[in-house]
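Q: One predicted model, sequence on top.
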Amino acid sequence: MDETIETIATQLARLQRMRDRTAAQLAVVTKNRFEVGAFRLLFQLNCAGPMRSGALAAAVDSDASTVSRQVAQLVEREFVVRQADPEDGRATVLVVTDKGRDMVAEMRRHRAASLGRVLADWDPEKRTEFAGLLRRFVDDYEHLKPAMLAAMRSEWGTKPSDMESDS
């Protein structure tokens, strides 16, 4: 295997482990009042605007039951409300409240401060270069993910229905 690719894979796995541990630590800090994953939904709704729960699940590449549980937490904390869908009054859409927008802004401030500490000693040019390379990597991964999953399914003999979520 290409040594550079192996280094990237190792560092991505290391980053994921740190993020998982951080999520567990945040659960302790917040006294398990909500799942950290619920914030991903709040950010998505804040960026994309009101949508139905099923569309939200698809947008974040998650299953409906997980999204339903996490949305309930957001609604309970008044970060999100359910409103009648203007296109179909029988359905509801999820809408971020002012309190939810304030929480998103606060989380973005915390995230920016944390990243600022990590990148504080980097030259501005290196920060810009890293941002561009990371954006390209994520965009390429997102674009190629369906083909990568299809190849794995083929190799392992699974069907899409065998996988709970392709996230």
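A: Yep, that arrived. Numbering: from 1, shown residues only.
Q: The longest strand along the chain packs against which elements?
A: For the chain, the longest strand by residue count, based on DSSP state E, is strand 88-96. If contacts are counted by 3 or more C-beta pairs under 8 Å, 6 or more residues apart in numbering; DSSP states H and E, strand 88-96 sits against helix 36-48, helix 53-59, strand 80-85. In short, each C-beta sits where N, CA and C put it, glycine included.
Q: any chance of the ones you listed in a markdown table, plus mean pLDDT, mean neighbour count and distance to Val28?
A: Output for those, formatted as a markdown table (pLDDT from 0 to 100; neighbours: other C-beta atoms under 10 Å; distance: least, C-beta to C-beta, whole Å):
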| stretch | mean pLDDT | mean neighbour count | distance to Val28 |
| --- | --- | --- | --- |
| helix 36-48 | 93 | 19 | 11 |
| helix 53-59 | 95 | 17 | 27 |
| strand 80-85 | 96 | 16 | 24 |
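Q: export these to TSV and tack on distance to Thr158?
A: Listed next are these as TSV, based on distance: least, C-beta to C-beta, whole Å:
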stretch	distance to Thr158
helix 36-48	24
helix 53-59	20
strand 80-85	34
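Q: Which stretches in this protein count as helices?
A: According to DSSP state H, the chain carries its helices in the segments 3-29, 36-48, 53-59, 64-76, 98-118, 124-156.
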